[in-house]
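Visitor: Pasting the sequence and the predicted coordinates here, then a few questions.
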Amino acid sequence: PPTTSSTPMLIAYLRQPMTRATQLHRVPAMMRTFRASKPAPSASPADMVKEFFSAADHSTGLSHAYHKLNVGLVALTPLALLLSPSAMNFPVDLALGIGIPVHFQISGHMLITDYAPLLLGNGLGKAVWLQNVLRAAMTATTAVTLCGLTKLNLEGPGLTETIKSLWRKPSAN
C-alpha cells in the first residue's frame, strides 16, 4: 500500500513510549526509589493503640497493618469455607472474628474522615467534636462486633457455619 508522508512520523511517535519504557529498566534501583523527603517515622506500639481508637486512618503503621489485614482476610475467607465443618476451622474462625472488626474499625475511621465533610458540609463535617463523636461511635460498634463474633465462635457454631446456614434449607421439626 502507498505510504503517506505522515506514516513515518506516526511510527516514530508510537515507538517513543516503548523506548522510554525500556530505558526505565536500565535506571539504577536507587533512582527509582527517590524520595523528596525522608520516610515518616513509625509510631511506637503504645501510640498505635491510642491511634487505633482515636484516629486509625491517620497512622502510617495502622495503614500498613490495614493493607496486610486485607490480604489476610482475602486468604482466610475461602479457607474457612473449605475447612468448615471441622475442628481445623476453629482457629480460622477466631482469626476472622478478630480480623473483621479490626478491619471495620480502621476503614470506618477512613469513611468518617472522607465522607462526613461531604455529607454534612465542610463546616460541620470537619468539626473536631463531631469527628470525635463519630469515631467514638465507630469504636463502640467495633467493640460490640468483636464481643458478638467472639461469643459466636466460642459458644456457638462459629462464624463460618453461621454464614453457611443462611443457604441451608431449614430443618422440618
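Guide: Nice, I can see it.

Visitor: Please make it C-alpha for all contacts and neighbour counts, starting now.
Guide: Will do.

Visitor: show me where pLDDT drops low in this structure?
Guide: 1-7, 9-43, 173 (pLDDT under 70).

Visitor: Tell me the gap between the longest helix along it and the middle of its chain.
Guide: Longest helix in the chain, counting residues (DSSP state H): helix 90-125. Computed by CA atoms, centre = their mean, to the nearest Å, the chain-centroid distance of helix 90-125 equals 9 Å.

Visitor: For that helix, buried residues please.
Guide: 90, 92-94, 96-97, 99-110, 112-113, 116-117, 125 (16 or more other CA atoms under 10 Å).

Visitor: next one: stretch 61-73
Guide: Result for stretch 61-73 [16+ other CA under 10 Å]: buried residues G61, L62, Y66, L69, L73.

Visitor: so the second one makes contact with A56?
Guide: The one in question is L62. Yes - between L62 and A56 there is a contact under CA atoms under 8 Å: 6.4 Å.

Visitor: anything in contact with each of those two?
Guide: Common contact partners of L62 and A56 (CA atoms under 8 Å, 6 or more residues apart in numbering): I106.

Visitor: Please name the spatially closest residue to L130 (chain neighbours excluded).
Guide: In this structure, L130 finds its nearest non-sequential neighbour in L124, 7.3 Å apart by CA to CA, 6 or more residues apart in numbering.

Visitor: In contact with M110: list those residues for me.
Guide: Applying CA under 8 Å, 6+ apart to M110 gives the contacts A56, D57.
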